[in-house]
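1. Turn this into a structure:
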Amino acid sequence: MSVVLMERRGLFFLDAQQLVPGVRAMVLRLPPPDSLRFLVAAVLTKYTFDVLSIFNVVELYLHPMLFGPERLSP
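-> Reported below is the predicted structural model:
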(Lines give C-alpha, C1' and ligand atoms only; values in the text may rest on other atoms or scores of the structure.)
Protein backbone atom coordinates (compact mmCIF):
# COMPACT_ATOMS: atom_id res chain seq x y z
CA MET A 1 0.00 0.00 0.00
CA SER A 2 1.27 3.44 -0.84
CA VAL A 3 2.61 5.59 2.00
CA VAL A 4 0.39 8.47 0.89
CA LEU A 5 -2.69 6.25 1.04
CA MET A 6 -1.75 4.96 4.49
CA GLU A 7 -1.22 8.52 5.73
CA ARG A 8 -4.58 9.58 4.34
CA ARG A 9 -6.29 6.63 6.01
CA GLY A 10 -4.65 7.60 9.29
CA LEU A 11 -5.95 11.16 8.96
CA PHE A 12 -9.41 9.83 8.18
CA PHE A 13 -9.42 7.72 11.33
CA LEU A 14 -8.19 10.67 13.41
CA ASP A 15 -11.19 12.66 12.17
CA ALA A 16 -13.56 9.75 12.76
CA GLN A 17 -12.09 9.15 16.22
CA GLN A 18 -12.96 12.73 17.19
CA LEU A 19 -16.56 12.11 16.20
CA VAL A 20 -16.90 8.61 17.62
CA PRO A 21 -14.28 7.60 20.18
CA GLY A 22 -13.10 4.01 19.71
CA VAL A 23 -14.36 3.78 16.13
CA ARG A 24 -10.98 2.83 14.62
CA ALA A 25 -10.49 -0.20 16.86
CA MET A 26 -14.01 -1.44 16.15
CA VAL A 27 -13.73 -0.93 12.39
CA LEU A 28 -10.42 -2.78 12.19
CA ARG A 29 -11.92 -5.82 13.96
CA LEU A 30 -14.73 -6.22 11.43
CA PRO A 31 -14.63 -7.72 7.92
CA PRO A 32 -14.60 -5.05 5.15
CA PRO A 33 -18.32 -4.91 4.30
CA ASP A 34 -19.31 -4.79 7.97
CA SER A 35 -16.63 -2.26 8.85
CA LEU A 36 -17.91 0.17 6.24
CA ARG A 37 -21.49 -0.25 7.43
CA PHE A 38 -20.42 0.26 11.04
CA LEU A 39 -18.39 3.34 10.17
CA VAL A 40 -21.21 4.99 8.23
CA ALA A 41 -23.75 4.11 10.93
CA ALA A 42 -21.50 5.43 13.72
CA VAL A 43 -20.84 8.75 11.99
CA LEU A 44 -24.49 9.14 10.96
CA THR A 45 -25.64 8.33 14.49
CA LYS A 46 -23.32 10.98 15.94
CA TYR A 47 -24.54 13.53 13.38
CA THR A 48 -28.18 12.72 14.21
CA PHE A 49 -27.49 13.04 17.94
CA ASP A 50 -25.87 16.44 17.41
CA VAL A 51 -28.74 17.72 15.26
CA LEU A 52 -31.38 16.57 17.73
CA SER A 53 -29.41 18.17 20.57
CA ILE A 54 -29.63 21.48 18.73
CA PHE A 55 -33.39 21.10 18.39
CA ASN A 56 -33.61 20.58 22.16
CA VAL A 57 -32.12 24.00 22.93
CA VAL A 58 -33.32 26.18 20.04
CA GLU A 59 -36.88 27.48 20.07
CA LEU A 60 -38.93 26.04 17.25
CA TYR A 61 -39.93 28.61 14.63
CA LEU A 62 -43.31 28.08 13.02
CA HIS A 63 -44.00 30.31 10.04
CA PRO A 64 -47.42 32.00 10.31
CA MET A 65 -48.46 30.62 6.92
CA LEU A 66 -48.36 27.11 8.38
CA PHE A 67 -51.55 27.90 10.23
CA GLY A 68 -53.44 29.18 7.20
CA PRO A 69 -54.85 32.65 6.53
CA GLU A 70 -57.81 32.13 8.89
CA ARG A 71 -55.40 31.91 11.84
CA LEU A 72 -53.75 35.22 10.96
CA SER A 73 -56.99 37.22 11.45
CA PRO A 74 -58.13 38.16 15.00
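
2. so how far is I54 from the residue nearest to the spatial centre of the chain?
-> In the chain, the centroid-proximal residue (C-alpha atoms, centre = their mean) is Y47; its distance is 2.3 Å. According to C-beta to C-beta, to the nearest Å, Y47 and I54 sit 11 Å apart. From N, CA and C alone the C-beta is placed, and that goes for glycine too.

3. Same check on A41?
-> 21 Å.

4. more crowded one of the two?
-> Higher neighbour count among A41 and I54: A41, with 11 against 8, using other C-beta atoms under 10 Å.

5. The helix or strand that that one is a member of packs against which elements?
-> Assigned by DSSP states H and E, A41 belongs to helix 32-57. Here helix 32-57 touches helix 3-19, helix 23-29, going by 3 or more C-beta pairs under 8 Å, 6 or more residues apart in numbering; DSSP states H and E.

6. Go through those helices and pick out the most buried.
-> With neighbours defined as mean count of other C-beta atoms under 10 Å, the helices and strands packed on helix 32-57 peak in mean count at helix 23-29, which reaches a mean of 14.

7. starting at the chain centroid, how far to that one?
-> Relative to its chain's centre, helix 23-29 lies at 17 Å (C-alpha atoms, centre = their mean, to the nearest Å).
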